[in-house]
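Asker: here is my input; please provide its structure:
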Amino acid sequence: MQFSLEHTDTQSSARSGQIQTDHGVIRTPVFAPVGTYGSVRGIHTRELDSIGIDMLLGNAYHLFLRPGLDTIEQAGGIHQFTGWNKPVLTDSGGYQVYSLAGNRKISEGGVSFQSHIDGSKHFFSPEIAIENQIVIGADMIMAFDECTPYPCEYDYAKSSMELTHKWLVQCKSHFGKAPRRYGYEQSLLPIVQGSTYEDLRIISAEFITKQNMDGNAIGGLSVGEPHEEMYAMCATVCNILPKDKIRYLMGVGTPANILECISLGIDMFDCVMPTRNGRNGTLYTADGMINIKNAKWKNDFSPLDSLGYIYSDQDYSKAYLRHLIVSNEMLGAQIASLHNVAFYIWLVGEARKQIEEGTFAEWKNLMVKKLVKKL
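Answerer: Below is the predicted model of the structure:
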């Protein structure tokens, strides 16, 4: 994996570039829709391709449980199994371990946990987490880490960060000697931790930088902390991470979050918001957020977004989508999800264009004010 930095905004730290992988080029800034089980819920692969998706995210924890690694390996890896031939990134399962607080036990050697599906017992060490992702076959795989909650006591955040660093050394060692399965390259990304403590984030960013991996990630944010604290931690970390490597902010976020973090120097994002909130009737648009269930849209036959029909030439109206959503019709969730993902892709694409034209900072400030409005 190679990252080429092409443009940097003169009034912020926003930047654009390209990531070259064996499954194609990723244009940055980039948003990766979350396909937890190898699919973005409710959206067909050909639809994702048609709206310009450059990469997808899968989750090693969930894919490990079902369909299971044997099935994916027999299929020839995640790309062959899903029919998605563009880049894929997998999360190691660290975040899922964090979310399974009642069903897991963390030790220096790894994490013991019970499946949320059937209660079966499993164990992930750093080596196992890496091997799982090698078998899955994603282009980018994540180091095994512990994601701390918010709020988090300083001493716990520090010990957790140190454990994450210890695990990273083990991940890196196993990744360096483990054979690849499918004839293409994979890249391992380490993760900066440290909760919302600036000194810990500095220590972690410096440690991660010294590992000299293909790219770097920032974890442990967007877990309930105020947005301003998230931005402060991103700014601190981006001032340390090398400029010639990609910077991936995990699990973020709203459209406004994404633009603010692009301005701080972040290149990659993923989040479940576009599809999860879409299924529940929230639409993201260039003018603000729409709760399509509200009665005010019942006889509104205008497009879903003032941009027009941003994902296809199908002229679905607000009134029609509201009818589908309140009727609990499956198509409503599909349309809303596709609309939201398409909007996110438009947003990062427009950010890239503004960076290249030298107008990003002014455009971002105007857009953020619109994006947070509830229409």
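Asker: check the secondary structure at the residue most central in space within the chain for me.
Answerer: The centroid of the chain falls nearest to residue 270 when counting by Cα atoms, centre = their mean (1.8 Å). Under the three-state scheme (DSSP: H, G, I helix; E, B strand; the rest coil), residue 270 adopts strand.
Asker: what's the pLDDT at it?
Answerer: The predicted structure scores residue 270 at 97 on the pLDDT scale.
Asker: pLDDT below threshold where in the protein?
Answerer: 95-102, 308-314 (pLDDT under 70).
Asker: mind listing the helices for it?
Answerer: Remark: helices assigned in the chain by DSSP state H are 45-50, 60-65, 69-75, 78-82, 94-99, 126-136, 154-177, 198-210, 227-238, 255-264, 273-279, 318-326, 330-357, 360-371.
Asker: out of those helices, the one nearest residue 300 is which?
Answerer: Proximity to residue 300 (Cβ to Cβ) singles out helix 318-326 among these, at 4.3 Å. The C-beta positions use only the backbone N, C-alpha and C, and glycine is treated the same way.
Asker: just the buried positions in that closest one, please.
Answerer: 318, 320, 321, 322, 324, 325, 326 (16 or more other Cβ atoms under 10 Å).
Asker: on that earlier part again, list the contacts for the residue nearest to the centre of the chain?
Answerer: 31, 32, 33, 34, 57, 89, 250, 251, 252 (Cβ atoms under 8 Å, 6 or more residues apart in numbering).
Asker: cool, and residue 356?
Answerer: 6, 7, 16.
Asker: one more pass at 10 Å, please.
Answerer: Contact analysis of residue 356 by Cβ atoms under 10 Å, 6 or more residues apart in numbering lists 6, 7, 9, 16.
Asker: for the closest residue to the third one other than its chain neighbours, what are its contacts?
Answerer: What that stands for is residue 9. Nearest in space to residue 9, with sequence neighbours left out and distances taken as Cβ to Cβ, 6 or more residues apart in numbering, is residue 360 at 4.4 Å. Going by Cβ under 10 Å, 6+ apart, residue 360 touches 7-12, 14-16, 259, 262-263, 350-354, 367.
Asker: give me the buried entries from these.
Answerer: By 16+ other Cβ under 10 Å, the contacts of residue 360 give 7-9, 12, 14-16, 259, 262-263, 350-352, 354, 367 as buried.
Asker: ok, which pair from the residues you listed is furthest apart?
Answerer: 8 and 367 (19.2 Å).
Asker: okay, how far is it across stretch 274-283, tip to tip?
Answerer: Stretch 274-283 has an end-to-end distance of 8 Å (criterion: Cα to Cα, to the nearest Å).
Asker: correction: stretch 129-142
Answerer: Using Cα to Cα, the two ends of stretch 129-142 sit 9 Å apart.
Asker: then stretch 75-91?
Answerer: Chord length of stretch 75-91, first to last residue, is 20 Å (Cα to Cα).
Asker: now do residue 245: how many residues are near it, please.
Answerer: Residue 245 is flanked by 19 other residues according to other Cβ atoms under 10 Å.
Asker: can you pull the phi/psi pair for it?
Answerer: phi -130, psi 150 (degrees, to the nearest 10).
Asker: who are the neighbours in contact with it?
Answerer: 1, 3, 5, 189, 208, 209, 212, 213, 214, 215, 216, 267.
Asker: need the buried ones from the contacts of residue 270 selected in ChimeraX.
Answerer: A single ChimeraX command selects the buried members of the contacts of residue 270 (16+ other Cβ under 10 Å):
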select :31,32,33,34,57,89,250,251,252
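Asker: distance to residue 124 added to the contacts of residue 270, as a markdown table?
Answerer: Shown next, in a markdown table, are these (distance: Cβ to Cβ, whole Å):
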| residue | distance to residue 124 |
| --- | --- |
| 31 | 27 |
| 32 | 23 |
| 33 | 25 |
| 34 | 20 |
| 57 | 18 |
| 89 | 18 |
| 250 | 17 |
| 251 | 19 |
| 252 | 24 |
